[in-house]
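A.B. asks: A predicted structure for the sequence below; I have some questions about it.
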Amino acid sequence: MAATASTAATLLPRPVAGSPRPGSAASAPTTPRRRRLLALRCQSTSVDKEQQQPPKPKQRNLLDNASNLLTNFLSGDSVGTMPVAEGAVTDLFGKPLFFSLYYWFLEHGSVYKLAFGPKSFVVVSDPIVARHILRENAFCYDKGVLAEILKPIMGKGLIPADLDTWKQRRKVITPGFHALFIEAMVRIFTKCSERTISKLEQLTASEGQVVMDLEAEFSNLALDIIGLGVFNFDFDSVTKESPVIKAVYGTLFEAEHRSTFYIPYWNLPFTKWIVPRQRKFHSDLKVINDCLDYLIKNAKETRQEADVEKLQQRDYTSLKDVSLLRFLVDMRGADVDDRQLRDDLMTMLIAGHETTAAVLTWSVFLLAQSPTKMRKAQAEVDSVLSNGAITVESLKKLEYIKLIILEALRLYPQPPLLIRRSLQPDKLPGGYNGAKEGYEIPTGTDIFVSAYNLHRSPYFWDRPNEFEPERFSVPKKEESIEGWSGFDPGRSPGAMYPNEIIADFAFLPFGGGPRKCVGDQFALLESTVALSLLLQKFDVELRGSPDEVEMVTGATIHTKNGLWCRLRRRT
Ligand code: HEM
């Protein structure tokens with residue numbers, strides 16, 4: 001179990017970026033919060049400058065051999081003829097696990113068993129197998145270790161929920177993301193992004209340029225947006241700090257710590273009172289819970305019950321509170337206890353915050369290295385946003401910006417691994433180049449579907465490690481791969497973005513199947529607004545070389561010390 005928790009690192013939430021690199025002319029102050037978070041970071045590695053290639057796994061030492069012996073003793077060859085990669089336990093401490101998973105994928109194939117410490121995992125890097133697990137036989141799996149780690153924070157929220165709770169809550173939450181809500185959200189995205197831009201304009205007022213940690217700015221922006229959109233609470237973290245903001249980051253940080261710590265000591269009795277960081281975690285959680293309880297109480301006191309269809313037709317332009325909480329409370333027949341509502345809100349807060357901040361960070365990281373693509377994006381923004389307010393319709397015309405965001409999600413998927421555990425025996429297809437007869441999966445098998453490997457697979461993508469947003473407009477039919485329908489931009493008519501259907505599960509920007517992200521449109525439009533408004537006003541250059549930007553894993557792939565960029569006002 002300890003190893004399981006550790007290896008779930010890549011899925012868990014993370015705090016804001018750290019302090020400036022030595023020598024950088026930082027203008028943003030390094031707050032105590034950020035210094036504290038930085039000091040406690042643990043997994044990192046440099047990005048290979050040439051192609052963002054991950055470093056190779058290192059040689060195994062005595063500890064690794066002992067741990068693999070233990071694995072074999074405990075789990076034997078229970079997943080049949082599947083190739084076995086023997087992971088080095090020490091890899092857990094050196095760099096993000098998903099880098100090693102990539103090399104083992106190239107070495108062992110797209111379905112392999114990873115013997116890691118006293119536990120084994122099945123690692124899947126194949127679209128046909130991913131489609132089976134995520135969509136065709138989705139209810140044969142739950143979130144396994146991820147749910148175990150997230151339960152103390154999210155309770156029975158959608159991500160860790162057991163299948164019965166999930167079925168009830170998903171049915172209620174999905175209609176909340178209806179068209180008029182999304183339109184109202186676009187106004188919130190614009191208002192919050194403009195607040196960030198105006199801060200940047202003030203900082204560049206005298207010299208026309210400034211060096212900033214954009215990852216930290218995006219993190220604040222995403223927090224403000226999710227607070228307003230989900231429960232009508234303005235954190236205003238772009239301009240200030242507050243006990244609630246500190247508690248949110250503290251909680252996110254603890255979740256990351258748990259995911260990277262080898263022994264789940266927090267499950268031991270009394271640690272809640274004895275271990276200082278556990279005491280702090282529980283007091284942070286209490287601050288957030290008190291805040292959410294207050295907002296829920298308020299929403300319930302002002303409840304105006306109506307049928308779903310009526311709620312979806314409300315005049316959102318005149319509503320003071322357009323949040324998802326308002327919708328969930330007002331929905332007739334969807335009464336739940338406050339505890340469940342709080343779990344839903346907490347889940348959305350965590351799921352929708354760092355993911356969006358991360359995709360914005362990596363979009364800028366990639367664009368800053370491609371001045372031609374940045375100019376192309378700016379030309380599009382200038383022509384589309386030159387007249388009038390930002391609307392869903394105008395955002396649809398920002399085709400290139402959208403493709404940049406998706407290409408950033410391809411290269412840096414958030415989260416890089418999707419975690420599942422089989423609830424009953426299953427048979428996985430062999431996938432491309434796998435065993436013809438497939439693979440038997442016993443009950444309780446832990447599975448990592450590696451979006452990172454799928455998105456960079458040399459079998460399904462041309463030049464997989466290169467930044468080419470234009471690739472999404474080009475069909476790719478691969479007759480030689482039996483069972484995979486290829487990449488066809490026309491396959492999902494009306495889709496807002498190139499999704500998992502278009503790529504037949506070789507691309508999972510928001511997952512796939514019934515447990516696909518509920519906030520995909522919200523996130524995509526939010527990122528489009530924020531990136532467009534930034535590019536409309538500023539040219540962005542990386543401060544230092546790209547290979548100095550180190551990757552760290554939490555819920556998302558993020559940087560170790562922030563994304564330090566020089567912003568110059570556009571003339
Ligand atoms: C760029 C931003 C985002 C990315 C890349 C992203 C990605 C994902 C992915 C890959 C999953 C599937 C996880 C799995 O199958 O194990 C997921 C699930 C989820 N996401 Fe997002 N997400 C983003 C933003 C959001 C936002 C803004 C919200 C809410 C407002 C949200 C709420 C959720 C929820 C509730 C789930 C669980 C769905 C379920 O199990 O039914 N996400 N997300």
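C.D. replies: Structure's in. What do you need?
A.B. asks: what stretches of this structure score poorly on pLDDT?
C.D. replies: By pLDDT under 70, the weakly predicted segments of the chain are 1-80, 87-94, 117-118, 259-264.
A.B. asks: Those residues of it touching the ligand, which are they?
C.D. replies: 158-159, 170, 230, 347-348, 351-352, 355-356, 359, 409, 414, 418, 509-511, 515, 517-519, 522-523 (CB under 6 Å from any ligand atom). Backbone N, C-alpha and C define where each C-beta goes, glycine included.
A.B. asks: run the last query once more with 5 Å
C.D. replies: For the chain, the contact set with the ligand under CB under 5 Å from any ligand atom comprises 158-159, 170, 348, 351-352, 355-356, 359, 414, 418, 510-511, 515, 517-519, 522-523.
A.B. asks: Those in helices, which ones?
C.D. replies: Taking DSSP state H, the ones among the residues of the chain next to the ligand that sit in helices are 170, 348, 351, 355-356, 359, 522-523.
A.B. asks: Redo these as TSV? Include neighbour count.
C.D. replies: Shown next, in TSV, are those (neighbours: other CB atoms under 10 Å):
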residue	neighbour count
Arg170	14
Met348	25
Ala351	24
Thr355	24
Thr356	28
Val359	29
Phe522	24
Ala523	24
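A.B. asks: tell me the two of those residues that are most distant?
C.D. replies: Farthest-apart pair in these is Arg170 and Val359; separation 23.2 Å (CB to CB).
A.B. asks: which one is Asp488 nearest to, not counting chain neighbours?
C.D. replies: For Asp488, ignoring the flanking residues on the chain, the nearest one in space by CB to CB, 6 or more residues apart in numbering is Pro475 at 5.0 Å.
A.B. asks: Angles on the backbone of that neighbour, please.
C.D. replies: Torsion angles at Pro475 (phi, psi; degrees, to the nearest 10) stand at phi -60, psi 150.
A.B. asks: what sits against the closest residue to the ligand within the stretch 351-500 of the chain?
C.D. replies: Closest contact between the stretch 351-500 of the chain and the ligand, by CB to the nearest ligand atom, is at Gly352 (2.8 Å). Applying CB atoms under 8 Å, 6 or more residues apart in numbering to Gly352 gives the contacts 222, 226, 229-230, 519, 522-523.
A.B. asks: repeat for Leu180
C.D. replies: Residues near Leu180 by CB under 8 Å, 6+ apart: 312-314, 316.
A.B. asks: Would you show me how to pick out the buried ones of those residues in PyMOL?
C.D. replies: Of the contacts of Leu180, the buried ones go into a single PyMOL selection, burial set by 16 or more other CB atoms under 10 Å:
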select buried, resi 312+314+316
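A.B. asks: Put together CSV for the contacts of Leu180, with secondary structure and distance to Met212 on each row.
C.D. replies: Shown next, in CSV, are the contacts of Leu180 (DSSP: H, G, I helix; E, B strand; the rest coil; distance: CB to CB, whole Å):
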residue, secondary structure, distance to Met212
Gln312, helix, 40
Gln313, coil, 42
Arg314, coil, 39
Tyr316, coil, 33
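A.B. asks: In the chain, which residue sits closest to the ligand?
C.D. replies: Residue nearest to the ligand within the chain (CB to the nearest ligand atom): Gly519, separated by 2.3 Å.
A.B. asks: burial of that residue, as a residue count?
C.D. replies: For Gly519, the neighbour count with other CB atoms under 10 Å is 21.
A.B. asks: That one: what's its closest spatial neighbour, skipping adjacent residues?
C.D. replies: Computed as CB to CB, 6+ apart, the closest residue to Gly519 that is not its neighbour in sequence is Gly352, at 5.1 Å.
A.B. asks: next one: phi and psi at the one you found?
C.D. replies: phi -100, psi 0.
A.B. asks: all helices for the stretch 151-300 of the chain, in order.
C.D. replies: With DSSP state H, counting those that start in this stretch applied, the stretch 151-300 of the chain shows helices at 163-173, 179-203, 214-231, 243-260, 271-274, 276-301, listed in chain order.
A.B. asks: looking at those, which is buried most?
C.D. replies: Highest mean neighbour count among the helices of the stretch 151-300 of the chain (mean count of other CB atoms under 10 Å): helix 214-231, with a mean of 26.
A.B. asks: Dihedrals phi and psi, the residue at the greatest distance from the centre of the chain?
C.D. replies: Using CA atoms, centre = their mean, the residue of the chain lying farthest from its centre is Ser206. It sits 36.3 Å away. Dihedral pair for Ser206: phi -80, psi -40, per degrees, to the nearest 10.
A.B. asks: go on, His558?
C.D. replies: The phi and psi torsions at His558 (degrees, to the nearest 10) take the values phi -130, psi 180.
A.B. asks: try the one 3 residues further on
C.D. replies: Note on Asn561: backbone dihedrals following degrees, to the nearest 10 are phi -120, psi 20.
A.B. asks: Next up, the contacts around Thr196.
C.D. replies: Contact analysis of Thr196 by CB under 8 Å, 6+ apart lists 217, 220-221, 238, 530, 533-534.
A.B. asks: of all those residues, which comes closest to Asn267?
C.D. replies: Out of those, the member with the shortest distance to Asn267 (by CB to CB) is Asn220, at 32.7 Å.
A.B. asks: Identify the residues contacting the residue nearest to the closest one when sequence neighbours are not counted.
C.D. replies: Using CB to CB, 6+ apart and skipping residues adjacent in sequence, the residue nearest Asn220 is Ser237, 4.2 Å away. For Ser237, the contacting residues are 220, 223-224, 245, by CB under 8 Å, 6+ apart.
A.B. asks: Just flag the most distant two among the residues you listed.
C.D. replies: For the contacts of Ser237, the maximum inter-member distance is 9.6 Å, found between Asp224 and Ile245 (CB to CB).
A.B. asks: Quick check: neighbours shared by these two?
C.D. replies: Counting by CB under 8 Å, 6+ apart, the residues touching both Asp224 and Ile245 are 235, 237.
A.B. asks: ok, back up a step: could I get the helices of the stretch 151-300 of the chain as JSON lines with distance to Ser545?
C.D. replies: JSON lines is the format used below for the helices of the stretch 151-300 of the chain (distance: least, CB to CB, whole Å):
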{"stretch": "helix 163-173", "distance to Ser545": "43"}
{"stretch": "helix 179-203", "distance to Ser545": "23"}
{"stretch": "helix 214-231", "distance to Ser545": "16"}
{"stretch": "helix 243-260", "distance to Ser545": "27"}
{"stretch": "helix 271-274", "distance to Ser545": "42"}
{"stretch": "helix 276-301", "distance to Ser545": "35"}
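A.B. asks: what's the closest of those helices to Lys113?
C.D. replies: Of the helices of the stretch 151-300 of the chain, nearest to Lys113 by CB to CB is helix 243-260, at 21.6 Å.
A.B. asks: what residues are up against Leu423?
C.D. replies: Leu423 makes contacts with 139-142, 163, 443, as judged by CB under 8 Å, 6+ apart.
A.B. asks: 6 Å instead?
C.D. replies: Going by CB atoms under 6 Å, 6 or more residues apart in numbering, Leu423 touches 140, 142.
A.B. asks: neighbours around the closest residue to Ser532 other than its chain neighbours, how many?
C.D. replies: Taking CB to CB, 6+ apart, and ignoring the residues beside it in sequence, Ser532 has Val381 as its nearest neighbour in space, at 4.7 Å. Residues near Val381, counting by other CB under 10 Å, number 21.
A.B. asks: of the contacts of Thr196, closest to Cys291?
C.D. replies: Checking the contacts of Thr196 against Cys291 by CB to CB gives Asn220 as the nearest, at 17.4 Å.
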